[in-house]
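Trainee: next comes the sequence, and after it the predicted model I'd like to discuss.
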Amino acid sequence: MEIGQLYQGLTFLAYATGIIVILVGIMLVKVLFELSKLTNNINETADIVKKELIPTLKNVNKSVEIVSGIIIKAEEGVNKVKTFVANSPLKILTKLSTVAGTVTKGFFGGLFAGLKMFGKKK
């Protein structure tokens with residue numbers, strides 16, 4: 001009787017293994033089907049992004065060219081103003097204001113020192 005139970009157990013094991021293999025196969029087919037759908041969706045998304053990205057990059061490129069031109073013109077203008085100021089009498093006036101500030105500071109410093117000296121109480 002032990003051999004009969006052994007055969008019965010092995011038969012049950014064979015059927016259970018067959019059922020599990022069939023279930024795993026079904027799940028594998030389902031996973032491959034979902035993976036195929038995902039790959040198609042990714043491909044469609046990449047196509048859409050490619051179609052939309054090309055005009056956007058052209059617009060960005062044009063904008064960069066425009067801004068670059070504006071920056072170059074502004075830089076030329078600033079350089080012209082710098083050379084004009086460097087070659088004009090305005091450079092002397094900027095130095096004059098520094099000298100005048102120093103002279104004024106010295107004048108008021110001396111005035112207050114004199115007032116303190118004469119204003120001391122005995």
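Mentor: Looks like it arrived, so ask away.

Trainee: average model confidence for the lengthiest helix in the chain?
Mentor: In the chain, assigned by DSSP state H, the helix with the most residues is helix 2-87. Per-region confidence: helix 2-87 scores 91 on mean pLDDT.

Trainee: pull the number of nearby residues for residue 29.
Mentor: Residues lying near residue 29 (other CB atoms under 10 Å) number 10. All C-beta spots, glycine's among them, are computed from the backbone N, C-alpha and C.

Trainee: cool, and the one 3 residues further on?
Mentor: If you count neighbours by other CB under 10 Å, residue 32 ends up with 10.

Trainee: contacting residues for it?
Mentor: Residues near residue 32 by CB atoms under 8 Å, 6 or more residues apart in numbering: none.

Trainee: any idea how far residue 48 lies from residue 41?
Mentor: Distance of residue 48 to residue 41, computed by CB to CB, to the nearest Å: 11 Å.

Trainee: the longest helix of the chain: how far from the chain's middle?
Mentor: Distance of helix 2-87 from its chain centroid, counting by CA atoms, centre = their mean, to the nearest Å, is 20 Å.

Trainee: please apply the same query to stretch 108-115.
Mentor: That offset, for stretch 108-115, works out to 58 Å (CA atoms, centre = their mean).

Trainee: so which bits of stretch 63-80 are buried?
Mentor: Across stretch 63-80, burial judged by 16 or more other CB atoms under 10 Å covers no residue at all.

Trainee: okay, it in CSV with CA atoms only?
Mentor: Presented in CSV, the C-alpha positions along stretch 63-80 are these (Å, rounded to 0.1, in the frame of the first residue of the first chain):
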residue,chain,number,x,y,z
SER,A,63,15.4,83.7,-29.7
VAL,A,64,19.0,83.1,-28.7
GLU,A,65,20.2,84.7,-32.0
ILE,A,66,18.0,87.8,-31.3
VAL,A,67,19.2,88.1,-27.7
SER,A,68,22.8,87.6,-28.8
GLY,A,69,22.5,90.4,-31.3
ILE,A,70,21.0,92.7,-28.7
ILE,A,71,23.8,91.9,-26.3
ILE,A,72,26.4,92.6,-28.9
LYS,A,73,24.9,95.9,-29.9
ALA,A,74,24.6,96.9,-26.2
GLU,A,75,28.2,96.0,-25.6
GLU,A,76,29.3,98.1,-28.5
GLY,A,77,27.3,101.0,-27.2
VAL,A,78,28.8,100.6,-23.7
ASN,A,79,32.3,100.5,-25.2
LYS,A,80,31.6,103.6,-27.2
